[in-house]
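A.B. asks: Provide a 3D model corresponding to the input given below.
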Amino acid sequence: MSKLIPASLGAAGVGGAGYGGYLLLNPSENKEVVVTTIREKYKTSLLSFEGTTDEKAWESKFSSLKSGTPNHPDLKAIDTAKEEKAKHKETCKKIYDSPADNKNYFEDFKKYCSKLIGDVVGGTWVTDDGKVDNKLKEVKTNKDSLLHKELKNLFSKLTTDTFDDPIRKELKDWCSFKKDQLFLGEESNIIDEIKKYCTE
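C.D. replies: A predicted model of the protein is given here:
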């Protein structure tokens with residue numbers, strides 16, 4: 001039989017378990033296994049519970065919850081019609097302290113409790129063909145300063161000043177992909193480049 005105890009309680013041989021971790025005790029195998037939590041592994045992706053720091057992101061996550069199909073029972077129990085936002089945040093705290101390898105809770109974390117690159121970048125993301133064309137022209141003009149390899153690859157395909165749908169789609173898809181990725185503490189120049197070529 002296995003048993004989970006918070007690593008913060010301490011135990012022999014725990015070194016480096018860290019805050020929020022767990023020890024999985026398995027007497028039958030006479031060993032201790034440190035279980036990493038979402039809070040530990042994705043600390044830069046956690047939303048703040050203090051003041052209004054991440055309030056816009058919290059609103060966005062709650063909107064996603066309204067139309068979503070969460071896995072965590074406490075998220076399922078939230079009456080979004082009654083705007084039970086405090087319960088949403090409390091459940092996210094529980095999810096933060098869940099094992100990082102729990103696929104269902106990680107899915108909930110990403111959809112309903114995390115800070116994504118889109119939340120950090122902000123602004124209005126371009127979708128209109130004309131505005132996408134302007135971004136493609138900027139990619140072409142700034143070829144020597146591009147940081148992302150995907151943008152460098154895209155530049156190599158920009159052989160004229162007019163762009164077709166497949167080229168537009170390539171930039172749109174890249175921006176959409178970046179928007180939905182967890183914020184992992186990327187450097188400001190990386191975030192600035194995404195903002196430059198993906199938002200108005």
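
A.B. asks: pull out the buried residues from the strand or helix carrying I194.
C.D. replies: Assigned by DSSP states H and E, I194 belongs to helix 188-198. Neighbour-count burial for helix 188-198 flags 191, 193-195, 197-198 (criterion: 16 or more other CB atoms under 10 Å). Yep, even glycine has a C-beta here, placed from its N, CA and C like the rest.

A.B. asks: which two in the residues you listed are spaced the farthest apart?
C.D. replies: The largest separation in these, counting by CB to CB, is between I191 and Y197 at 11.7 Å.

A.B. asks: ok and the longest helix along the chain relative to helix 188-198, angle-wise?
C.D. replies: Ranked by number of residues, the top helix in the chain under DSSP state H is helix 165-179. Angle of helix 165-179 versus helix 188-198, following axes from the mean of the first three to the mean of the last three CA atoms, to 10 degrees, is 140 degrees.

A.B. asks: who touches stretch 47-65?
C.D. replies: Outside stretch 47-65, the residues that touch it by CB atoms under 8 Å, 6 or more residues apart in numbering are 75, 78, 80, 85, 88-89, 92-93, 111-116, 119, 122.

A.B. asks: and these, which are buried?
C.D. replies: Buried among the contacts of stretch 47-65 by 16+ other CB under 10 Å: 75, 78, 80, 88, 92, 111-116, 119.

A.B. asks: can you map out the helices along this structure?
C.D. replies: Applying DSSP H to the chain gives helices spanning 38-41, 55-67, 73-76, 85-96, 103-108, 117-121, 129-141, 149-155, 165-179, 188-198.

A.B. asks: spatially central residue in this structure, please.
C.D. replies: What sits nearest the mean C-alpha location of the chain, by CA atoms, centre = their mean, is L182, with 2.1 Å.

A.B. asks: how near is it to S67?
C.D. replies: L182 sits 21 Å away from S67, going by CB to CB, to the nearest Å.

A.B. asks: how about G122, phi and psi?
C.D. replies: phi 70, psi -160 (degrees, to the nearest 10).

A.B. asks: okay if I get the helices of the chain as JSON lines plus distance to S48 and mean pLDDT?
C.D. replies: Formatted as JSON lines, those follow (distance: least, CB to CB, whole Å; pLDDT from 0 to 100):
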{"stretch": "helix 38-41", "distance to S48": "13", "mean pLDDT": "98"}
{"stretch": "helix 55-67", "distance to S48": "9", "mean pLDDT": "97"}
{"stretch": "helix 73-76", "distance to S48": "19", "mean pLDDT": "98"}
{"stretch": "helix 85-96", "distance to S48": "10", "mean pLDDT": "98"}
{"stretch": "helix 103-108", "distance to S48": "18", "mean pLDDT": "98"}
{"stretch": "helix 117-121", "distance to S48": "11", "mean pLDDT": "97"}
{"stretch": "helix 129-141", "distance to S48": "31", "mean pLDDT": "97"}
{"stretch": "helix 149-155", "distance to S48": "30", "mean pLDDT": "98"}
{"stretch": "helix 165-179", "distance to S48": "20", "mean pLDDT": "98"}
{"stretch": "helix 188-198", "distance to S48": "18", "mean pLDDT": "98"}
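
A.B. asks: that'll do, ta.
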